[in-house]
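J.: Can you look at this prediction? I've put the sequence above it.
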Protein chains: 2
Amino acid sequence: MTDMRMSPNLALNQLVAERQAAGESLVHLAFGESRLPPFEPLVTKLTEGARRNGYGPVAGGPAVLAAGAGYFERRGLPTAPEQIVVAPGSKPLLMAINLVVPGDVLLPRPAWNTYVPQAQLAGKKAIAVPIPPECGGVPDPRVLREHIAAARLLGHDPRIIVLTLPDNPTGTTVSPEMVHELCGIAEEEGLLIVSDEIYRDVLHDPGHPFLSPAEIAPERTIVATGLSKSMSLGGWRIGMARFPEGPWGEWIRDGVASAASEVWSTLAQPMQEVAEYVFAEPPEVRERMAAAARLHGLVAAEVYRMCVAAGADCRPPTGAFYVYPDFGPLREKLTGYGVTDSPTLARSILDRFGVVVLAGHHLGDDWNALRFKMATSMLYGATHELQQETLEATDPVSLPHVRGQLDRIEESLMRLTE
Amino acid sequence: MTDMRMSPNLALNQLVAERQAAGESLVHLAFGESRLPPFEPLVTKLTEGARRNGYGPVAGGPAVLAAGAGYFERRGLPTAPEQIVVAPGSKPLLMAINLVVPGDVLLPRPAWNTYVPQAQLAGKKAIAVPIPPECGGVPDPRVLREHIAAARLLGHDPRIIVLTLPDNPTGTTVSPEMVHELCGIAEEEGLLIVSDEIYRDVLHDPGHPFLSPAEIAPERTIVATGLSKSMSLGGWRIGMARFPEGPWGEWIRDGVASAASEVWSTLAQPMQEVAEYVFAEPPEVRERMAAAARLHGLVAAEVYRMCVAAGADCRPPTGAFYVYPDFGPLREKLTGYGVTDSPTLARSILDRFGVVVLAGHHLGDDWNALRFKMATSMLYGATHELQQETLEATDPVSLPHVRGQLDRIEESLMRLTE
């Protein structure tokens, strides 16, 4: 029997919607949604695909698979269409990998809150390894080997390692050097690498160094991605995975396609039309992705600045749209406000200031640590019109509807210990 | 490690597409797709929903849940919106039930080919119980108790029973009397009933008696449905489940929503717009469903007639779009053609006549039985134009493009033993 609660970010999102509907004024930073309008050409593509009502091939039609292969080719990964599977989001693909590939799962700690429950649903042990001081999204390579050894001593069987590049929740990106180091360990230990690159097209600086483990360890790396983050399409549910070339990759890919055929059949055909268009990356798509990434970077940098000014430790964000401060340096002062751990910190910020953050323990972090995640992509405005204005602004953090919320966050963080 | 093959119907569908693309002329009856054009107002709804790009609530937005509740209310089941969950197809919902509810699964034999792999993916034992002579879709109540007892003696823990009303693969509908009998056994044995009613709106005669187990055993019955079959929307992936009122139902519903939040997030928002419209059942939707059900009935009846004329035993179809003949009476003659079991029978029909059927053993039936499934909904024409003409025809089985394939099927069945 699996006794599950709803994914905490989705649960919190529903709670906030209810409290806002009841008239409460909240600054909601606890949900990883890129709150921007749908890109208009995608609406056209969806309509154009609407007459595709047959099931079609499980992995995706030939056109979307070719487009997906091209997407990876342009990122330095030679890819045949047979290596691609599309699905209703990257979540079902990650779940299918959990169901198909044997063994337990090594995760960074903290990590996106869905990895652990998926492993549990598949009957796997999730083995959390602390992230390094430099960045999130990866187990610290300096302690990874000893965690693997300890897990084996305890009777677990770690065979999969999940990396998040760029990372949710820290908004940081692992260095190429550390990718090399992790791939070396994966090879020595015989691990399959699942590289969750759903934020790959949300690097704040397009020149920021990015190396996929699939470039270093191509035979053992699955790359997962999707359009929820880069194209603000969470509600459309479009995901994709690239499986390794060679027998291991083919075996897993066939298993995932089998699971897909039993669990979700295929990505909805009209959505395949959208995916084909986006993964082909015509200039207007690239421009839109770049504009969104720039916006995410500007707003995340502003909130990062506020965290540091308030006295928190924080890794500077370089990708995605998250800031993950550590208020440990203020622990003594915070104790006076009844704040002693992750739940009381998040609760205090909500109750005192109406700012909703996702407590670090929901992401697998230490219960006692004073850390939380803020999704800064929630600050672009309540309507599609305001969001579009924010996207197009030269200086989005100066727009009144953005600035007002930023000021409230700043004041909340400064007053935490006052 | 799960060693899986692709769902045999989807695998066969891909094989047929490849052989047809290579120029081979096949009559493809091995895929349960309702081959009709999308209903035009749904294309409009999808476009209208296209600007909904946020994630939204996991179970579905308030409007689609209310529409889903209304759908069941009109079928004699008082339903609160909180009892409804929508998803990308009914498959993920059935899988989530398997993941959330403990215990093993009792299935009719034969049954839809996805139930067994789903149970296996969830680490459950699938316990197949023969269907009665009267109909498919249900374990024969006369032998169900002894199968449960035997399973328990073997150390299994049957706690879920799956019923398919109307049935895939037999195209038949269980009688209200037998539903009462099965609900009684479920109550005595403490079983959860999963009633797969995806073909409920595909009863050939709208006056045919239909009783859902949810009317008799409301506290222990989950009803699953979707729009793939009744509205010919397989490629759009829209499913829905209704959970029981009361603590048991709420516990399962919450667990399924939790699994949903980790595995697929939600049904794509534009699809929720479509689902809301269809589940509200405006007159034009009801007309379209009725027209499709009439067509399915006429064509299935024609193929049924041919099977009986060829000497097969067959239950007369009353719902869905399947015919499931038993060529056991011709076993002696068939042996002369190298046909001795389920695989050789299907293979012989494919090789000698180019008619593609789904062999019974793929549906869990006896390997040695001479049975197969024919999906007669594949006979309406290769283009949306021909399919629309077929849907509107007073006498669809006389249309040349339908008749041509029917004649080929008839000739194949008659010549099986010649």
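T.: Structure's in. What do you need?

J.: How much space separates the residue minimising distance to the centre of chain A from chain B?
T.: Centroid-nearest residue in chain A: A:Asn168, 4.4 Å away (criterion: CA atoms, centre = their mean). From A:Asn168 across to chain B, the span is 14 Å (CB to the nearest CB, to the nearest Å). Bear in mind the C-beta positions are built from the backbone N, C-alpha and C, glycine included.

J.: Which secondary structure state does that residue sit in?
T.: Secondary structure for A:Asn168, judged by DSSP: H, G, I helix; E, B strand; the rest coil, is coil.

J.: Do I have it right that it meets A:Ala320?
T.: Yes: using CB atoms under 8 Å, A:Asn168 is in contact with A:Ala320, at 5.7 Å.

J.: low pLDDT regions in chain A?
T.: A:1-6 (pLDDT under 70).

J.: how about 80 then?
T.: Along chain A, the parts satisfying pLDDT under 80 run over A:1-15.

J.: how's it carved up into domains?
T.: Domain ranges of chain A: A:8-31+A:285-417, A:40-281, per the TED database.

J.: Buried deepest among these, which one?
T.: domain A:40-281 (a mean of 22; mean count of other CB atoms under 10 Å in any protein chain shown).

J.: Pull up the distance across that one, start to finish.
T.: The first and final residues of domain A:40-281 sit 15 Å from each other (CA to CA, to the nearest Å).

J.: before we move on, back to that, and the domains of chain A as CSV, adding distance to B:Ser90?
T.: What follows is the domains of chain A, written out as CSV (distance: least, CB to CB, whole Å):
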stretch, distance to B:Ser90
domain A:8-31+A:285-417, 21
domain A:40-281, 10
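
J.: Need the residues touching each of A:Asn168 and A:Ala320.
T.: The contact sets of A:Asn168 and A:Ala320 overlap at A:Tyr199 (CB atoms under 8 Å, 6 or more residues apart in numbering or on different chains).

J.: isn't A:Asp140 right next to A:Pro130, touching?
T.: Yes: counting by CB under 8 Å, A:Asp140 touches A:Pro130, with 5.5 Å between them.

J.: mind listing the helices for the stretch 51-200 of chain A?
T.: For the stretch 51-200 of chain A, helices defined by DSSP state H, counting those that start in this stretch occupy the ranges A:62-73, A:90-100, A:115-121, A:141-153, A:176-189.

J.: In a markdown table, list the ones you listed along with distance to A:Arg35.
T.: Formatted as a markdown table, the helices of the stretch 51-200 of chain A follow (distance: least, CB to CB, whole Å):
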| stretch | distance to A:Arg35 |
| --- | --- |
| helix A:62-73 | 24 |
| helix A:90-100 | 19 |
| helix A:115-121 | 24 |
| helix A:141-153 | 35 |
| helix A:176-189 | 30 |
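
J.: Nearest to B:Val303 among those would be which one?
T.: Nearest to B:Val303, of all these, is helix A:62-73, at 31.8 Å by CB to CB.

J.: Give me the contact list for the closest one.
T.: With CB under 8 Å, 6+ apart as the test, helix A:62-73 has contacts from A:59-60, A:79-84, A:86, A:214, A:223, A:240, A:242, A:267, A:272-273, A:275-281.

J.: so which of those are also by chain B?
T.: By CB under 8 Å from any CB of the partner chain, the members of the contacts of helix A:62-73 lying near chain B are A:Leu267.

J.: Now, the contacts of helix A:62-73 that are in strands?
T.: A:Ile84, A:Val86, A:Val223, A:Met240, A:Arg242 (DSSP state E).

J.: for the residue lying closest to the last one once chain neighbours are set aside, what are its contacts?
T.: Nearest in space to A:Arg242, with sequence neighbours left out and distances taken as CB to CB, 6 or more residues apart in numbering or on different chains, is A:Val223 at 4.5 Å. With contacts defined as CB under 8 Å, 6+ apart, the neighbours of A:Val223 are A:Phe72, A:Leu77, A:Ser195, A:Glu197, A:Ser212, A:Ala214, A:Ala241, A:Arg242.

J.: From what I see, the fourth one and A:Asn168 are in contact.
T.: No: using CB under 8 Å, A:Glu197 and A:Asn168 do not qualify as a contacting pair, with a distance of 11.3 Å.

J.: which parts of the stretch 101-250 of chain A sit against chain B?
T.: Residues of the stretch 101-250 of chain A lying near chain B by CB under 8 Å from any CB: A:102, A:114, A:117-118, A:121, A:123, A:228, A:232-237.

J.: Now do the strands in chain A.
T.: Assigned strands in chain A, in chain order: A:27-28, A:84-87, A:104-109, A:126-130, A:158-164, A:192-196, A:221-226, A:239-242, A:322-323, A:355-356, A:358-359, A:372-375 (criterion: DSSP E).

J.: Just send those strands back as CSV, with distance to B:Pro92 too.
T.: Converted to CSV, the strands of chain A look like this (distance: least, CB to CB, whole Å):
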stretch, distance to B:Pro92
strand A:27-28, 28
strand A:84-87, 11
strand A:104-109, 21
strand A:126-130, 22
strand A:158-164, 22
strand A:192-196, 20
strand A:221-226, 17
strand A:239-242, 14
strand A:322-323, 28
strand A:355-356, 29
strand A:358-359, 25
strand A:372-375, 26
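
J.: ends of stretch A:394-407, how far apart?
T.: Distance between the boundary residues of stretch A:394-407 (CA to CA) amounts to 19 Å.

J.: Could you pull up phi and psi at A:Glu24?
T.: phi -80, psi 140 (degrees, to the nearest 10).

J.: tell me the contacts of the closest residue to chain B within the stretch 301-418 of chain A?
T.: Proximity of the stretch 301-418 of chain A to chain B (CB to the nearest CB) peaks at A:His384, 7.0 Å away. By CB under 8 Å, 6+ apart, the contact list for A:His384 reads A:Pro37, B:Arg51.

J.: again with the one 3 residues further on
T.: A:Gln387 makes contact with A:Arg35, A:Leu36, A:Pro37, A:Tyr380, A:Gly381 under the criterion CB under 8 Å, 6+ apart.

J.: residues touching the last one, list them.
T.: Residues in contact with A:Gly381 (CB under 8 Å, 6+ apart) are A:Arg35, A:Gln387, A:Glu389, A:Thr390, A:His401, A:Val402.

J.: one step back: specify the beta-bridge partners of the residue nearest to A:Arg242.
T.: Counting by DSSP bridges, A:Val223 is bridged to A:Ser195, A:Arg242.

J.: separation between it and chain B?
T.: Per CB to the nearest CB, A:Val223 is found 19 Å from chain B.

J.: outside of stretch A:111-126, which residues touch it?
T.: Counting by CB under 8 Å, 6+ apart, A:2, A:4, A:7-9, A:91, A:94-95, A:98-99, A:103-105, A:107, A:128, A:136-137, A:151, A:156, A:162, A:164, A:168-169, A:196, A:358, A:362-364, B:99, B:123, B:258-259, B:262-263 sit against stretch A:111-126.

J.: coming back round to it: JSON lines for the residues of the stretch 101-250 of chain A next to chain B, including distance to B:Val397?
T.: JSON lines is the format used below for these (distance: CB to CB, whole Å):
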{"residue": "A:Pro102", "distance to B:Val397": "51"}
{"residue": "A:Thr114", "distance to B:Val397": "50"}
{"residue": "A:Pro117", "distance to B:Val397": "51"}
{"residue": "A:Gln118", "distance to B:Val397": "49"}
{"residue": "A:Leu121", "distance to B:Val397": "47"}
{"residue": "A:Gly123", "distance to B:Val397": "50"}
{"residue": "A:Ser228", "distance to B:Val397": "47"}
{"residue": "A:Ser232", "distance to B:Val397": "50"}
{"residue": "A:Leu233", "distance to B:Val397": "44"}
{"residue": "A:Gly234", "distance to B:Val397": "47"}
{"residue": "A:Gly235", "distance to B:Val397": "43"}
{"residue": "A:Trp236", "distance to B:Val397": "40"}
{"residue": "A:Arg237", "distance to B:Val397": "40"}
